[in-house]
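Asks: What follows is a protein structure lacking sequence information:
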């Protein structure tokens, strides 16, 4: 029998994972459902102690390849392991708990082809809960030149799950900074934005999981990493005459603390906004952080009523019907 020649993938998708096989299986399903793209998928098991390794070994799709770190090395190292093994002309990254619309990669590839000179692409994202129910949403900026803006704020939606990048550029920039984790995607996007123009796709194509439990453990680390980025990119900011937008950052962190029930942290962050940056509304938010959870949820529901999704996200529906309750997890 003549063996079929191996197809060179157009896109390599890198999924770092650590002890979250059930969520990772859902993410992998969404990645493998991408339309009209030749894929390879590299799942980097970052020292998991659950059944991730065995599950991946038995996966029937030949596009899926597993790499394993014997001990946890962090999300940045896992992404870099995937990047080093990638064969695709383009590389996309996604966290192991996020979801993609089936036309995400195709639309990004088309946007890059339509705008010669661009070497990476970002998309819109909708925040989802564990049941894949949509909440807040974010679309990318119109500009193709994001370097200066990224030195001030992280304006790329979808965390570490929305970008498609020229593999050669990602390698040239050194991949992800392994000294950080929570803000490693922002740091990577700063370097991308300073190196090359972006091709944005103004569609909600990423379901970005917002888990209050996970947020509750990450705020202190994010504050430390923010100070690290402040120093790391100080020269670039000075050269371009820009400063970090600390009001935006404190508002973001304060919102995380508020919604994850960290009352003291939310009060501290919003108090800083009020005292140092003249954000008087933050006093009301700080007080509101002590309200019962039911009241806070009602407030969020009211906000969502005033700011509905700009487009339907039917592609989330298959993941809303008890997916994580299925003992097969696939």
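Replies: Looks like it arrived, so ask away. None of the values given here were measured: they were computed from a predicted structure. Numbering: from 1, shown residues only.

Asks: Every contact and neighbour count from this point should use C-alpha atoms.
Replies: OK.

Asks: Worst mean pLDDT across the helices and strands of the chain, which element?
Replies: helix 281-288 (a mean of 48; mean pLDDT, DSSP states H and E).

Asks: The closest residue to residue 240 other than its chain neighbours and residue 118, how far apart?
Replies: In this structure, residue 240 finds its nearest non-sequential neighbour in residue 148, 7.2 Å apart by CA to CA, 6 or more residues apart in numbering. According to CA to CA, to the nearest Å, residue 148 and residue 118 sit 16 Å apart.

Asks: do residue 199 as well
Replies: 6 Å.

Asks: More neighbours: these two, which one.
Replies: residue 199 (29 against 19; other CA atoms under 10 Å).

Asks: my hunch is that that one is in a strand, does that hold up?
Replies: Yes: applying DSSP: H, G, I helix; E, B strand; the rest coil, one finds residue 199 inside a strand.

Asks: What separation do you get for the closest residue to it other than its chain neighbours and residue 144?
Replies: Counting by CA to CA, 6+ apart, residue 199 lies nearest to residue 121, which is 4.6 Å off, once chain neighbours are set aside. From residue 121 across to residue 144, the span is 9 Å (CA to CA).

Asks: neighbour count winner among the two?
Replies: Higher neighbour count among residue 121 and residue 144: residue 121, with 25 against 17, using other CA under 10 Å.

Asks: need the next SSE after the helix or strand harbouring that one, C-terminal direction.
Replies: Using DSSP states H and E, residue 121 maps to strand 120-128. Per DSSP H and E, the first helix or strand lying C-terminal to strand 120-128 is strand 134-138.

Asks: buried residues in stretch 27-46?
Replies: 27-28, 30-32, 34, 39-46 (16 or more other CA atoms under 10 Å).

Asks: mind checking pLDDT for residue 263?
Replies: pLDDT recorded at residue 263 is 72.

Asks: other SSEs contacting the helix or strand containing residue 185?
Replies: Assessed by DSSP H and E, residue 185 sits inside helix 184-195. Using 3 or more CA pairs under 8 Å, 6 or more residues apart in numbering; DSSP states H and E, the elements in contact with helix 184-195 are helix 147-152.

Asks: Quick check: mean pLDDT of the helix it packs on?
Replies: Mean predicted lDDT for helix 147-152 stands at 98.

Asks: Let me know the next secondary structure element after that helix.
Replies: In N-to-C order, the element after helix 147-152 by DSSP H and E is strand 164-166.

Asks: Check which strands are paired with that following strand and give the direction for each one.
Replies: Strand 164-166 sits in its sheet next to strand 90-93 (antiparallel), strand 120-128 (antiparallel), going by DSSP bridges.

Asks: Please list the outside residues in contact with the next helix or strand after that strand.
Replies: Downstream of strand 164-166, the next assigned helix or strand under DSSP H and E is helix 167-172. With contacts defined as CA atoms under 8 Å, 6 or more residues apart in numbering, helix 167-172 is touched by 83, 84, 86, 88, 89, 90, 91, 119, 192.

Asks: Strands of this protein, start to end?
Replies: Remark: strands assigned in the chain by DSSP state E are 11-17, 39-46, 64-69, 90-93, 99-100, 120-128, 134-138, 164-166, 198-209.
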